[in-house]
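Peer 1: one predicted model, sequence on top.
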Amino acid sequence: MSIKSVFKYTALLLFLAAAIFGSALQAAETRPYRIAIVPFAINAEKDLTYLRNGIADMLTSRLAWENKVQVLGREQTVAAAKQATGPLNEIQAQILGAKLQADYVLFGSLTIFGNSIGMDAKMVDVSGERQTLSFFNQAEGMGKVIPQINRFATDINAKVFGRQMAAPVALGPAATVTTAPGTAGRRPAPQQDIHAHPEKLMQGGFQPEETATPTGSPLVSAGAPIDAQQSSSLNPAFIATAGSQGRTQEFWKSPAFNTLISGVAIGDVNGDNILETVVATPDKVMIYQGVNNKFRKIHEHKTGSFTKNIGADIADMNGNGIPEIYITGLNNQLTGVNSTVLEFNGNGLQVLVKDSRWFFRVADHNLRGKVLLGQRRKAEQMDPFSGEVFELGWEGAELSASERLLPSGKASVMGVAFNDILNNGSDAIIAYTKTDKLQVLNPSGKAEWTGGETLGGNLHHLAMPTKGRGDQGLNNFYLPTRLKTADLDGDGKIEVILINNFEVAGRKLQQFRNFSGGQLEAHVWNGLGMVPQWKTRKITGRIQDFAIGDFDGDGRQELVAAVIMREGRAITGKPKSAVIAYELTQ
């Protein structure tokens, strides 16, 4: 054979080998994941074989995904499991999975003692490359078994296979309720398991009124496994700087709003001893209420097309027992303030003040309660930081300034709060600088401390003519985001709760901002400066505003946030927003 022929046949063999290898690789990449579901062990006083089979069937139906996820046959899995030596654990599960040529092995147990049901389950990666997904829950009554299975299946689909599924709704009879300590006059909270949360739309659980299923990117972005990160005792979805074991993250999410949410606030705006959630959009103010296990809209007020609402606050400052709704707004040209004050009159919202030139912000003080702050921009100044910050009160039917909190030019009231944040028995002011850095100010406006990290991050702004150029150029003067103070964990120290949105260009572009995600954080004074205490995991989308209160009537406070999932610019299409809530366990 000639050298030319040898090269020819060698090249042909190499081509065939590459084709075969490529086909095998492509087949391996495109074949569905294989799951072996081992029937759960049942620890009970009576034979509950039917329940074990039912659990396996439920998990199979919820995890099987055409061309994506294949659940192996039960007989095949049971036969292989019987050959295992000793109790089934993660190592034995990996050995079992290897025999079955499975990618994952799911096993667990159900313990029934009296009326108490405990479920313990694990999803093991046979290769060992991914951390085991663990699940534990304990509840009262057999009726809670299905919600637990649904919740675990939802976690597996989302965290292992990146599959987002709508939570099934199966409302049961009304639960027995008791009044929690310290909630006299409030609606009693339903007795639920220790991980109960509005996100669980099961057995009388809290559900949105709207039936539309939100679409788009998941709010909680993928990242390190939950159990690999330390969690705050306030909520397992909060990352703590030190402390506890991780648990399954929990939050509730509303159906999508096909508009931008400008602000959110919580308060009893109609005097029925139930807290309502006020959601402001650029041209509307909507009141939602958690009633009969639904988050339903009970009223809507249009503020008009000549005003762009940018903030919402609630406080009873006129002392009539019905909190007012303070809506900060700008004119359509974004060159001036055009705010509104509303109050519920028994039939709907009536306008108390229209076309106000005040920026509004309500500060929560641990001793004084709610304090209304206001700021008027000086007419000759373009900067929204110009103007003194005052405490506001009512004189007849008009709002007026009383005590001055800050002199002119020190801060924008939209990002100001005051309390005993230094935990020394005296009030100090916390505010954002013009570059979105935290600063602690004394009453004279002197900065006692300024942080080095850029936080906050807003798209609300004033568009003012460039100095010396008339109407030929505009400068965007961005407003800061909300700051709140509270002792959420009950340790006697005041925390500062804030928004931290992540800007794509690091805010190096003065006139343009684009945010990729955000999180809520709590900072505390450590004697030298403000340091993070906990933060939520990163949320896909920009956080516009947040509030703290019992928005679902379960007797416990929630951290409620307005998230902009899509800004609605010309390229990205219509805007889309949502309200999310984290349960606070303290």
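Peer 2: Right, received. Where do you want to start?

Peer 1: surely residue 459 meets residue 476?
Peer 2: No. Between residue 459 and residue 476 there is no contact under Cβ atoms under 8 Å: 9.2 Å. (Each C-beta comes from the backbone N, C-alpha and C, glycine too.)

Peer 1: which one's more surrounded, these two?
Peer 2: residue 459 (18 against 15; other Cβ atoms under 10 Å).

Peer 1: could you pull up the contacting residues of the more buried one?
Peer 2: By Cβ atoms under 8 Å, 6 or more residues apart in numbering, the contact set of residue 459 is 478, 513, 515, 542, 567.

Peer 1: over to the last one: give its phi and psi.
Peer 2: To tie it back to what came earlier, the one meant is residue 567. Dihedral pair for residue 567: phi -70, psi -30, per degrees, to the nearest 10.

Peer 1: what is the burial count for the residue nearest to it when sequence neighbours are not counted?
Peer 2: Leaving aside its sequence neighbours, residue 567 sits nearest to residue 575 (Cβ to Cβ, 6 or more residues apart in numbering; 6.1 Å). Residues near residue 575, counting by other Cβ under 10 Å, number 19.

Peer 1: and the residue most central in space within the chain, what element?
Peer 2: Nearest to the geometric centre of the chain sits residue 580, at 4.5 Å (Cα atoms, centre = their mean). Per DSSP states H and E, residue 580 falls inside strand 576-583.

Peer 1: gap between the residue lying closest to residue 306 once chain neighbours are set aside and residue 309?
Peer 2: Sequence neighbours aside, residue 332 is the residue nearest to residue 306 in space, at 5.8 Å (criterion: Cβ to Cβ, 6+ apart). Distance, residue 332 to residue 309, by Cβ to Cβ, to the nearest Å: 12 Å.

Peer 1: quick check: residue 297 vs residue 281, distance?
Peer 2: Separation of residue 297 from residue 281 (Cβ to Cβ) stands at 12 Å.

Peer 1: all helices of the stretch 1-150 of the chain, in order?
Peer 2: 3-30, 49-63, 74-82, 90-100, 145-159 (DSSP state H, counting those that start in this stretch).

Peer 1: re earlier: show me what the residue nearest to the centre of the chain is bridged to.
Peer 2: Beta-bridge pairing for residue 580 (DSSP bridges): residue 253, residue 561.

Peer 1: ok, residue 339 next?
Peer 2: For residue 339, the beta-bridge partners are residue 356 (DSSP bridges).

Peer 1: that one is in contact with residue 356, isn't it?
Peer 2: Yes. In terms of Cβ under 8 Å, residue 339 counts as a neighbour of residue 356; the distance is 4.1 Å.

Peer 1: who has more neighbours out of these two?
Peer 2: Between residue 339 and residue 356, residue 339 has the larger neighbour count (other Cβ under 10 Å), namely 24 against 21.

Peer 1: show me what secondary structure element comes after the host helix or strand of residue 485.
Peer 2: Assigned by DSSP H and E, residue 485 belongs to strand 483-486. Next along the chain after strand 483-486, taking DSSP H and E as the criterion, comes strand 495-503.

Peer 1: ok, and what's touching that following strand?
Peer 2: 417, 421, 430, 438, 454-458, 481-489, 513-524, 530, 533, 535, 538, 542-543, 545-546, 548, 559.

Peer 1: one more time with 7 Å
Peer 2: Counting by Cβ atoms under 7 Å, 6 or more residues apart in numbering, strand 495-503 makes contact with 421, 430, 455-457, 481-488, 513-524, 530, 533, 542-543, 546, all of which sit outside it.

Peer 1: and for the residue nearest to residue 306, the neighbour number?
Peer 2: 13.

Peer 1: which of the contacts of strand 495-503 are buried?
Peer 2: Neighbour-count burial (16 or more other Cβ atoms under 10 Å) applied to the contacts of strand 495-503 gives 421, 430, 455-457, 481-488, 513, 515, 517-524, 530, 533, 542-543, 546.

Peer 1: tell me which of those residues fall in strands.
Peer 2: Judged by DSSP state E, the buried ones among the contacts of strand 495-503 include 430, 483-486, 515, 517-524, 530, 533, 542-543, 546 as members of strands.

Peer 1: how about low-confidence regions in the chain?
Peer 2: Applying pLDDT under 70 to the chain picks out residues 1-30, 114, 141-144, 165-250, 291-293, 378-382, 465-474, 510, 569-573, 585-586.

Peer 1: switch to 50 and redo it
Peer 2: Within the chain, the stretches with pLDDT under 50 are 4, 6-7, 10, 12-29, 166-228, 242-249, 469-472.

Peer 1: who does the strand holding residue 485 pair up with?
Peer 2: Strand 483-486 has the following strand partners under DSSP bridges: strand 495-503 (antiparallel).

Peer 1: just the angle for the partner strand relative to strand 515-525, thanks.
Peer 2: 160 degrees (axes from the mean of the first three to the mean of the last three Cα atoms, to 10 degrees).

Peer 1: touching, residue 111 and residue 43? I think so.
Peer 2: Yes. The criterion here is Cβ atoms under 7 Å, and residue 111 meets it with residue 43 at 4.3 Å.

Peer 1: now residue 408. Nearest residue, chain neighbours left out?
Peer 2: In space, residue 408 comes closest to residue 388 once its chain neighbours are excluded; the distance is 4.9 Å by Cβ to Cβ, 6+ apart.

Peer 1: what about that neighbour, how many neighbours?
Peer 2: Residue 388 sits with 18 neighbouring residues when counted by other Cβ under 10 Å.

Peer 1: and it, what does it touch?
Peer 2: 375, 404, 406-408.

Peer 1: repeat that with 8 Å
Peer 2: Contacts for residue 388 were tallied using Cβ under 8 Å, 6+ apart; they are 375-376, 401, 404, 406-408.

Peer 1: how near is it to residue 321?
Peer 2: 30 Å.

Peer 1: relative to residue 367, how far out is residue 541?
Peer 2: Using Cβ to Cβ, one obtains 36 Å as the distance from residue 541 to residue 367.

Peer 1: quick one, which of those two is more surrounded?
Peer 2: Using other Cβ under 10 Å as the criterion, residue 541 and residue 367 rank with residue 541 on top: 27 against 7.

Peer 1: and that one, its phi and psi?
Peer 2: Residue 541 has phi and psi values of phi 120, psi 170 when expressed as degrees, to the nearest 10.
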